[in-house]
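Enquirer: Here is my input, please return the structure:
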Amino acid sequence: MANASENAVVKLSTTSGVDMKTAASTLLYTVPTGKSLIIDKIVVRSNSASLAGGTSYSVTNFRQTFDLSGMTTTTGSRTIIASDNTTYLISVAGTAINWTVTTGATAAGTATIELYGTLL
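Expert: The predicted structure follows:
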């Protein structure tokens with residue numbers, strides 16, 4: 001029987017303290033040997049400051065150039081889901097899934113990023 005973390009959508013990683021201002025990439029997850037990954041969603045939560053100005057973030061083999069500038073309070077969360085009519089790559093073993101900031105928030109701050117997906 002398959003492991004509960006396979007063939008079902010599960011939380012695969014929680015990465016806290018992710019810089020939401022500086023243009024850079026942060027590793028969220030590496031696809032395990034012998035597996036492939038379909039990313040289902042990303043949850044952004046526990047931001048330490050307003051994300052106003054943060055208009056361009058992306059996730060490897062998933063959503064590109066999405067806007068979080070509306071997250072101006074620190075008590076909410078935002079779920080980034082797959083878009084209709086968009087084909088996403090299935091990430092193969094060894095693929096590094098990165099959170100990338102291109103145009104980050106105006107204020108310095110961090111957030112917690114959770115990755116949900118299905119391992120095949």
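
Enquirer: Any idea how many residues pack against Lys41?
Expert: When counting by other C-beta atoms under 10 Å, one arrives at 17 neighbours for Lys41. Any C-beta I mention is one placed from the backbone N, CA and C, and that applies to glycine too.

Enquirer: Next, it: secondary structure please.
Expert: Following DSSP: H, G, I helix; E, B strand; the rest coil, the label given to Lys41 is strand.

Enquirer: hang on, it packs against Arg78?
Expert: No - counting by C-beta atoms under 8 Å, Lys41 sits too far from Arg78 to count as a contact (10.4 Å).

Enquirer: With Gly70 as the reference, measure out to Gly76.
Expert: As defined by C-beta to C-beta, to the nearest Å, Gly76 lies at a distance of 10 Å from Gly70.

Enquirer: pLDDT below threshold where in the protein?
Expert: 1-6 (pLDDT under 70).

Enquirer: just the strands in it please.
Expert: 10-19, 25-30, 36-45, 56-59, 77-81, 91-92, 96-103, 110-119 (DSSP state E).

Enquirer: closest one to Thr65 among the ones you listed?
Expert: Closest approach to Thr65 among those (C-beta to C-beta): strand 56-59, 5.2 Å.

Enquirer: Can you give the contact residues for that closest one?
Expert: With contacts defined as C-beta atoms under 8 Å, 6 or more residues apart in numbering, strand 56-59 is touched by 28, 39, 42, 64-68, 80, 97-104, 115.

Enquirer: Now with 6 Å, please.
Expert: 42, 64-66, 68, 100-103 (C-beta atoms under 6 Å, 6 or more residues apart in numbering).

Enquirer: distance between it and the chain's centre?
Expert: Its chain's average C-alpha position is 8 Å from that of strand 56-59, according to C-alpha atoms, centre = their mean, to the nearest Å.
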